[in-house]
Structure formats: structure tokens, C-alpha cells
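1. sequence and predicted model, in that order:
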Amino acid sequence: MTRALVRLGDKTTSGGEVISASSTIIEERNIALNGDMAWCPKETCNGPFQINGTAYYFAEDKPCVATGDRVLCNCKNNQVLGSTTIWVEDSPSDPFKEHRKRAAEWPINKVAAAAIIAIPVFAKSVLRGTGNTDAGESEEPQSNIGEMSFYQSQPTQPDPEPEQHAQAAKKKNAPPPEPPKKSLFDKVTGFFFGEAEAMPLPPPPVISGTAEAGMAASAGGATAKASQDAATALTHSMKRLSGPEVWNGRLAMNLPFVVMGAIIQSNLKGEQSDLLTPQNLLEVAHSKGTVPTRVRYNWITDDDSGRLKAVGYHTTAASGRDQVRVRMLERQTDGSYEFWGDERSDKSLITWTPANTPGSQNGWNTGNNNPQAGTVTIPGLEHPDIQNVTITTTPLPEEKDFRDYILVFPGNVHPPIYIYLSKPPVELLEVELYIDFNGRSRQGEYEADHMPSAAAVRLYYQRLYPDADEKELEMLAKEVAAIVIPKGVHRKISETYGGRNREPGRVERDSRDLRAAADRNFDVIKPALKESGITEEKLEAARAKIHELNESVELYKK
């Protein structure tokens with residue numbers, strides 16, 4: 001069967017067209033090769049997709065695209081339509097060298113076009129130059145992409161009621177009301193009738209025996225629980241940590257201690273012809289689609305400091321992780337904008353109220369000179385590591401670990417914004433596989449305790465897979481259940497912390513009965529957790545989930 005070769009700009013049966021091609025030119029246009037892209041305008045697609053080139057004739061060591069080759073979109077049979085006078089035959093039996101020989105005889109100009117038209121992407125490195133939207137191949141600074149801003153959601157006090165000048169005059173000489181007496185609970189938590197205080201750090205415990213260790217750990221647990229209650233009870237405003245102001249107005253989030261990086265689309269570096277336009281993004285947002293980008297970002301936990309760290313990754317088309325979700329912000333009747341995220345929730349994830357929204361207190365004076373609601377001080381709340389963000393190539397996280405979006409405003413009334421969020425902070429008594437806690441804030445109060453110990457799990461896998469190397473064993477040892485407990489309980493009592501289980505024969509015995517080891521490790525920390533106010537029912541539910549997770553990864557059977 002003979003088929004016409006396909007070039008840049010050729011049409012597809014869905015009404016789209018080829019939008020990227022090689023540097024090889026036939027009849028004054030660049031020819032398309034396997035892996036080049038076509039835009040599909042259908043409602044179920046509305047974006048760029050790769051073309052599966054099967055011509056069995058090669059240029060630049062890749063198969064060419066010819067009439068009938070498929071666009072790998074959501075349509076059932078979207079084909080490209082070639083427009084050249086160069087026709088090729090399907091002859092898969094021919095050797096590779098023969099294909100290259102025939103390709104060399106074509107009447108083509110093999111010089112690169114003055115401006116190679118590449119597939120537009122959301123973001124790319126300026127080092128790739130004009131007309132090149134390939135991913136970078138080495139580590140480089142964030143400044144090669146664009147300026148980034150950082151925000152962190154923290155509990156805030158409720159907004160003060162607006163006070164007019166006349167009201168202020170009446171109250172000028174009024175004596176302050178006598179503060180109500182606080183209960184012991186109020187003093188411990190630092191909150192009373194909506195009033196927020198900085199909660200003092202507990203004094204360093206002096207440990208001389210098991211009883212004292214339990215008391216100190218329990219006190220730390222009570223403080224940790226109070227911090228968590230505070231985060232739950234109050235609203236959460238996004239505090240800008242560094243970078244240019246992205247959201248001019250009031251920004252709120254429904255989760256505490258989440259860190260967000262943000263880049264305004266208009267601040268991205270690189271030639272505009274290489275980047276997707278706001279109109280492109282608006283069209284994709286309407287269908288909740290994705291667009292390609294050559295860099296994506298994530299939050300990871302730094303092994304040395306334990307702090308969240310911002311990291312960028314070069315994302316090639318071949319990686320399968322170069323697509324970022326594009327979502328529309330919803331405008332509310334009060335002039336604010338809401339983003340609900342892709343996860344199911346009963347309230348919006350982010351709410352932005354612009355500074356010039358009618359009714360906003362920003363920019364006009366009501367006579368109330370009190371400072372705006374301040375951030376509640378939470379002991380040990382770590383600040384993320386946002387200095388010297390670098391773009392690297394490996395290791396690229398799994399798709400499920402990315403929490404990034406391009407947010408588009410209705411009608412493009414504001415520039416699109418790329419955001420990436422840290423995972424929600426851990427919660428007291430939460431049970432997950434240890435590896436799934438990576439990138440989640442411990443809020444300065446919690447740690448994840450292996451159940452059973454990583455050392456026992458590692459030895460178990462070492463016997464099971466004697467040829468596994470150190471790196472593989474290290475990764476396998478993270479596939480074990482872990483429970484979130486107060487830092488004091490973990491460090492002062494847990495059997496798995498600080499090598500306490502390294503007594504002769506302990507790890508060996510534990511590795512041969514991991515279920516029994518998990519039960520014993522849990523029983524050791526259970527009394528201290530009960531002392532901090534956690535019920536028997538919740539503790540045993542956590543134990544059950546520990547066993548359920550370990551069974552799911554086949555550490556042991558039911």
C-alpha cells in the first residue's frame with residue numbers, strides 16, 4: 001500500500017492538524033516523524049496528542065508519518081492526511097539500512113528550517129533556544145524557567161468586625177472588659193472563645209526511667225493534639241513566604257500547613273511562539289484537559305533536615321509525565337474565585353478574593369485601625385526549603401505524587417497561574433505505608449513510626465531476594481505500615497527509633513514473624529498514646545489498619 005508522507009500543518013480526520021515536525025524539509029515544509037504531535041479539537045480531546053508513525057521509511061533515525069497513521073487521542077480513529085507528492089510503500093520486511101538508503105534518495109532539503117516550528121508547551125527552559133521545546137537534560141536553576149512565589153496555609157484568627165469612626169469614638173474611653181477566667185483546657189490548647197495565642201514549647205524532658213519517659217511523651221502528645229485541634233478549628237489563610245505577589249487580595253485554603261509554589265504564565269521565560277497562549281489554555285480548561293510542559297514541580301521531604309523541599313523535574317514527552325491538568329476557576333457572586341481540585345471534597349480547595357472586589361476591606365478605611373487577623377503560632381511548624389530551587393532530571397516521581405494544576409480565569413480576565421501543592425499534613429494516629437508519608441508535613445509535632453521496624457522488613461526481603469542490591473532493599477523497607485504519633489512518643493518510647501531494636505538477635509527474630517513484631521511495637525507505644533487522650537477504640541482501629549496494609553504488600557498473611 002502506498003501512502004503520502006505527512007508534513008507540518010497537514011490535516012487530520014477529526015478536523016485538527018499536525019503541530020510539530022522534524023527539521024527535515026520536503027516540498028518546503030517539515031515532515032512529521034513518529035512521536036510528533038497533532039492537535040485534536042474534539043470535545044473529548046481538545047489538546048495535543050502524539051502521532052504513531054508507521055511508514056517504515058526513516059528520517060533522522062525515526063519512522064515517518066504517512067496518510068492513515070493514527071493520532072493517539074481519545075477519538076476512536078483519528079488519522080492524519082498527507083499532502084506531499086512523495087509516496088511510500090509499506091514494506092516492513094525491508095532491512096533498516098535499506099529504509100535509510102531510500103530516504104537519502106528523496107528530493108528533500110535536509111537543512112534545518114530557519115525557525116523550526118515545535119509543539120507549543122506551557123513552560124520550558126530558556127537554554128533550549130527559540131523553536132526548541134524539548135526538555136532539558138541537566139540540572140539548572142529555576143531562573144531559567146521564570147520567577148516563582150511561595151505560600152503556606154496557616155491557621156488565622158477570624159476577621160475583626162469593621163468599626164466605623166463614630167463607633168470608635170463612643171468606645172474610646174470605655175474600660176476594657178474583664179477577661180473571663182480560662183479553664184485548664186484553654187490554657188493547654190492556647191485557645192479561648194476564638195482567641196488565639198502562641199502555644200509554648202514543652203520543656204525538654206528529663207528522662208530517668210520508663211515512667212518519666214511516658215509522662216514526657218504524653219505531654220508532648222497533648223501539645224501535638226492541641227496544635228492539630230487549632231489547625232482544624234480556625235480558617236486557613238495563605239501567607240506569602242517569598243517571590244512576587246501572585247494573588248493580590250485575600251487567599252484562603254481549606255487545609256492547614258499546605259505549601260504552594262506558583263508561577264504566573266505571563267512571567268514565564270522563552271519565546272512566546274514556543275509557549276501555549278492563554279487562549280489555548282482557556283480552551284483546554286473548558287474540557288478539563290491537560291497540556292504538555294517541559295518542567296513540573298513537586299514537594300519532597302529532605303532526608304537530612306526533615307523539611308519540605310521544592311524540586312523541579314525536566315519532563316520529556318517519552319516520560320509519560322509531561323501533561324499537567326488545566327482547570328477553570330469558578331467565579332462566585334461576591335466576586336471571589338474558587339478552585340475545588342480533582343479530589344472529592346465538600347468545600348473548595350482554594351478561594352481568592354481580589355483586592356478590588358466590591359465589599360472587600362482591602363483598599364478602603366472603615367476607621368478600624370486594628371491589624372488584620374494574624375497567624376496563629378504553632379510550635380515547631382517547619383518552614384519549607386524554598387531557596388535555590390533547581391530543575392533536575394531524575395528521579396521523576398510517579399504521576400500520583402504530582403499535585404499541580406494550571407488555573408485559568410473565566411474569560412482570561414487574569415493571566416493563568418501554575419500551582420503545585422504539598423500533600424496534606426499528616427494527622428495524629430494516621431496509618432499508611434511509610435513511603436506514602438513522603439512529602440507530607442509533620443507540622444513539627446509528629447513522626448511516622450514503622451510497624452514493624454524497617455530493619456526487620458529489610459532483613460525479611462534480603463532473605464526473600466538474595467540478589468537485591470542495597471538501593472532496592474532500602475526502597476522495599478519503606479513499603480511497610482507506619483503510624484503517625486507525637487514526636488516525644490516516638491523518640492522516647494518507640495522500639496523502632498534510634499536503633500533500640502538492635503540488641504543481639506532482636507531484628508532476626510522480628511524478621512521471621514513480622515506480624516508479632518508489629519503487635520509488640522504497637523503495644524509499647526499504646527499506653528503513652530492513651531495517656532494523651534486517644535481512646536481504646538481508635539487505637540485498636542489503627543492496629544487493624546497496620547495489619548491490613550502489611551498484608552496488602554504481602555509482608556505476612558491474615
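-> Arrived safely, thanks for sending.

2. please parse the chain into its domains.
-> 1-117, 121-126+133-155+236-425, 431-552 (automatic domain parsing).

3. burial of the residue nearest to Ala32 when sequence neighbours are not counted, as a residue count?
-> The spatially closest residue to Ala32, leaving aside those adjacent along the chain, is Val65, at 4.0 Å (CB to CB, 6 or more residues apart in numbering). C-beta coordinates here come from the backbone N, C-alpha and C atoms, glycine included. By other CB atoms under 10 Å, 31 other residues sit near Val65.

4. next one: Val65 from Pro292, what distance?
-> 18 Å (CB to CB, to the nearest Å).

5. can you check Lys478 too?
-> 31 Å.

6. lowest average pLDDT across the domains of the chain?
-> Mean pLDDT per stretch puts domain 1-117 lowest among the domains of the chain, at a mean of 75.

7. roughly how far is that domain from the heart of the chain?
-> Chain-centre distance of domain 1-117: 35 Å, with CA atoms, centre = their mean, to the nearest Å.

8. now Asp134: phi and psi?
-> phi -70, psi 160 (degrees, to the nearest 10).

9. surely Ser14 and Pro41 touch.
-> Yes: at 6.8 Å, Ser14 and Pro41 qualify as touching, with contact defined as CB atoms under 8 Å.

10. among those two, which residue is more densely surrounded?
-> Ranked by neighbour count (other CB under 10 Å), Ser14 and Pro41 place Ser14 first, with 23 against 13.

11. which residue is the nearest non-sequential neighbour of the more buried one?
-> In space, Ser14 is closest to Asn78, 4.4 Å off (CB to CB, 6+ apart).

12. contacting residues for that neighbour?
-> The contact partners of Asn78, taken as CB atoms under 8 Å, 6 or more residues apart in numbering, are 12-14, 16, 38, 40, 42, 70-71.

13. gap between it and Leu276?
-> From Asn78 to Leu276 the distance is 21 Å (CB to CB).

14. what's the answer for Glu343, then?
-> From Glu343 to Leu276 the distance is 25 Å (CB to CB).

15. ok, Val284 next?
-> The value you get for Val284 to Leu276, if CB to CB is used, is 8 Å.

16. mutual contacts of those two, please.
-> Val291.

17. hmm, back to that, neighbour count: Lys478 and Pro292, which is higher?
-> Pro292 (25 against 17).

18. in this structure the more buried one contacts Asp322, no?
-> Yes: the pair Pro292 and Asp322 qualifies as a contact (CB under 8 Å) at a distance of 5.0 Å.

19. what's the overlap in contacts for the two?
-> Val121.

20. isn't Arg128 right next to Asp134, touching?
-> Yes: shown here, Arg128 and Asp134 form a contact pair, counting by CB under 8 Å, at 5.9 Å.

21. check contacts around Leu529.
-> 221, 429, 485, 489, 539 are the contacts of Leu529 under CB under 8 Å, 6+ apart.

22. closest to Gly249 out of these?
-> Comparing those against Gly249 with CB to CB places Leu429 closest, at 36.9 Å.

23. just to revisit the earlier point, mind checking how far the residue nearest to Ser14 is from Met451?
-> Taking CB to CB, one finds Asn78 at 50 Å from Met451.

24. Glu343 and Leu276: who's more crowded?
-> Legend: neighbour count by other CB under 10 Å for Glu343 and Leu276, higher for Leu276 (25 against 8).

25. the residue lying closest to that one once chain neighbours are set aside: neighbour count?
-> Excluding the flanking residues, the one nearest Leu276 by CB to CB, 6+ apart is Pro120, at 4.8 Å. Close neighbours of Pro120, defined as other CB under 10 Å, add up to 21.

26. of all residues in the chain, which one is nearest the centre?
-> Among the residues of the chain, the one closest to the centroid is Arg403, at 2.9 Å (CA atoms, centre = their mean).

27. which non-adjacent residue is nearest that one?
-> Per CB to CB, 6+ apart, closest to Arg403 is Leu421, 4.4 Å.

28. tell me what that neighbour is bridged to.
-> Met260 (DSSP bridges).

29. which SS class is Pro395?
-> At Pro395 the chain is in coil, as set by DSSP: H, G, I helix; E, B strand; the rest coil.

30. now it: phi and psi?
-> phi -80, psi 140.

31. and it, how many neighbours?
-> The burial count for Pro395: 7, using other CB under 10 Å.

32. look up how far His314 lies from it.
-> 12 Å.

33. just Leu308 next, same as before
-> For Leu308, the distance to His314 - CB to CB - is 21 Å.

34. without its sequence neighbours, what residue ends up closest to Met47?
-> Quick fix: residue 47 is Gly, not Met. Nearest non-adjacent residue to Gly47 (CB to CB, 6+ apart): Gly289, at 4.8 Å.

35. surely the one you found is in contact with Asn46?
-> Yes: using CB under 8 Å, Gly289 is in contact with Asn46, at 5.3 Å.

36. which residue of these two possesses the greater neighbour count?
-> Asn46 (23 against 20).

37. list phi and psi for the more buried one.
-> Dihedral angles (degrees, to the nearest 10) for Asn46: phi 50, psi 60.

38. next up, the contacts around it.
-> 40, 283-284, 286-287, 289.

39. buried subset of those residues, written for ChimeraX?
-> A single ChimeraX command is used to select the members of the contacts of Asn46 judged buried by 16 or more other CB atoms under 10 Å:
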select :40,283,284,289
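
40. tell me the one of the contacts of Asn46 nearest Lys124?
-> Val284 (17.5 Å).
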